[in-house]
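A.B. asks: No sequence on hand, only this structure:
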């Protein structure tokens, strides 16, 4: 009834079964919280008001769900029902995960802090960088909102990329003419001082540890920055660092075949497109360079996909990397087709 926004049926059900106000809604094996929180997740404002009158108390959790889903008007109603308090610590986390600019802006507007009284970071920069969501424009805007509200971000090339700031990348390139040749450690890409975690927790497709700015662009769908890098003379076949076990050496082309943007393209049945692969091939990417990679998926992808094992792929091309990858939802068929058309082999 909540899904259908059927206020009358919700009223009848709750009148007959008031205990349901405090039972969690289980949908497709996921816990969506009590009915009021579930209604907030969907933006069912009239039902929220009704459930509140009947005694529903999960307003704070519901407000978090509304912000998570960019239901700003719903969040405003809940905030008023709560008595318009300052948002609790962690209120920026939901919209950070979904890269909701509207949710982030609302939370900041009603007083969500980016730092505590001692100046320590509260803004969930780690969530913005590590989320499985991909929306470059939204990510840039959220990070800039944090800065505008007093958060200081690291002055690094990788953070400039995360922020979508080509102007800052220009400054880094002037300071370091060899910037386009550099590779970056996991910690440089995901700074621990911003709360970031290990390689498994940082959601990505093709591994990013020890890679270049061009590799990062591929997994974060930063095609405009990639174009800028290539215009500045970046080697389209620049390889990742090879570690002590012999893993690495892959180019950015590999990261267009197995990537987080590909996951969403396939999961949501979007049209098959591979503009990043096309860009790299048009700039001379070698489709037959070989590398060795290993990959363990983020635990959030279980149980549908194996998240317990680290899979190893030795001496693969970009094409065979995609063909062999153990979770095909991350693989772009259109990318592999383009690579085959350019002479790519297994």
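C.D. replies: Great, that's in hand. Treat the numbers as computed from the prediction; the structure is a model and nothing was measured. Residues are numbered from 1 along each chain as shown.
A.B. asks: Next one: residue 265 from residue 221, what distance?
C.D. replies: Remark: distance between residue 265 and residue 221 (CB to CB, to the nearest Å) = 10 Å. For every residue, glycine as well, the C-beta is placed using N, CA and C.
A.B. asks: what's near enough to touch the closest residue to residue 246 other than its chain neighbours?
C.D. replies: Taking CB to CB, 6 or more residues apart in numbering as the measure, residue 246 lies nearest to residue 292, with 5.5 Å between them; neighbours along the chain are not counted. When contacts are counted by CB atoms under 8 Å, 6 or more residues apart in numbering, residue 292 is found next to 242, 246-249, 312-316.
A.B. asks: Make TSV from these and add secondary structure to it.
C.D. replies: As requested, these are exported to TSV (DSSP: H, G, I helix; E, B strand; the rest coil):
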residue	secondary structure
242	coil
246	coil
247	coil
248	strand
249	coil
312	strand
313	strand
314	strand
315	strand
316	strand
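A.B. asks: Would you list the buried entries among the residues you listed?
C.D. replies: Neighbour counting with 16 or more other CB atoms under 10 Å marks 247-249, 313, 316 as buried within the contacts of residue 292.
A.B. asks: Just to be sure, residue 188 is in a strand?
C.D. replies: No. Inclusion of residue 188 in a strand is not indicated when three-state DSSP is applied; the result is helix.
A.B. asks: Not counting sequence-adjacent ones, nearest residue to it?
C.D. replies: Excluding its sequence neighbours, the residue lying closest to residue 188 (CB to CB, 6+ apart) is residue 158, at 5.4 Å.
A.B. asks: Near that neighbour, how many other residues are there?
C.D. replies: Other residues near residue 158 number 22, with proximity taken as other CB atoms under 10 Å.
A.B. asks: So what touches the strand or helix carrying it?
C.D. replies: Counting by DSSP states H and E, the element that carries residue 158 is helix 157-162. Residues from elsewhere that reach helix 157-162, judged by CB under 8 Å, 6+ apart: 128-129, 139-140, 143, 153, 168-169, 172, 176, 179, 182, 184, 188-189, 191, 213, 216-217, 220, 222, 225.
A.B. asks: thinking again about what came up before, quick one: the residue nearest to residue 246 and residue 233, what's the gap?
C.D. replies: For residue 292, the distance to residue 233 (CB to CB) stands at 28 Å.
A.B. asks: Then residue 255?
C.D. replies: The span separating residue 255 from residue 233 equals 20 Å under the rule CB to CB.
A.B. asks: When the two are compared, which one has more neighbours?
C.D. replies: Shown here are residue 255 and residue 233; by other CB under 10 Å, residue 255 has more neighbours (32 against 8).
A.B. asks: so what's the more buried one up against?
C.D. replies: Residue 255 sits next to 205-206, 208, 211, 215, 218-219 when contact means CB under 8 Å, 6+ apart.
A.B. asks: Among those, name the ones in helices.
C.D. replies: Secondary structure assignment (DSSP state H) places 215, 218-219 from the contacts of residue 255 within helices.
A.B. asks: follow-up on the earlier one: need the buried ones among the contacts of residue 292 in TSV with pLDDT and distance to residue 113, can you?
C.D. replies: Supplementary listing: those in TSV, determined by pLDDT from 0 to 100; distance: CB to CB, whole Å:
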residue	pLDDT	distance to residue 113
247	98	41
248	98	40
249	98	44
313	98	44
316	98	47
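A.B. asks: Residue 33: which of the residues you listed is nearest?
C.D. replies: Ranked by distance to residue 33 (CB to CB), the buried ones among the contacts of residue 292 are led by residue 313 at 40.0 Å.
A.B. asks: what's the helix or strand for residue 11?
C.D. replies: helix 7-16.
A.B. asks: in that helix, what's buried?
C.D. replies: Taking 16+ other CB under 10 Å as the basis for neighbour counts, the residues of helix 7-16 that come out buried are 10-11, 14.
A.B. asks: And the residue nearest to residue 188, what's its pLDDT?
C.D. replies: At residue 158 the predicted local distance difference test score is 98.
A.B. asks: And it, how close does it get to residue 124?
C.D. replies: Distance, residue 158 to residue 124, using CB to CB: 18 Å.
A.B. asks: can you check residue 72 too?
C.D. replies: Going from residue 72 to residue 124 by CB to CB gives 18 Å.
A.B. asks: again, but for residue 344
C.D. replies: If you go by CB to CB, the gap between residue 344 and residue 124 works out to 39 Å.
A.B. asks: try residue 331
C.D. replies: Spatial separation of residue 331 from residue 124 under the definition CB to CB is 30 Å.
A.B. asks: Please apply the same query to residue 205.
C.D. replies: From residue 205 over to residue 124 (counting by CB to CB), the distance is 22 Å.
A.B. asks: next one: residue 214
C.D. replies: According to CB to CB, residue 214 stands 27 Å off from residue 124.
A.B. asks: Between residue 331 and residue 124, which has more neighbouring residues?
C.D. replies: Neighbour totals were compared for residue 331 and residue 124, and residue 124 leads with 24 against 20 (other CB under 10 Å).
A.B. asks: What about the nearest residue to that one once chain neighbours are set aside, how many residues nearby?
C.D. replies: If you skip the residues right next to it in sequence, residue 124 has residue 96 as its closest partner in space, 4.3 Å away by CB to CB, 6+ apart. Counted with other CB under 10 Å, the burial measure for residue 96 works out to 29 neighbours.
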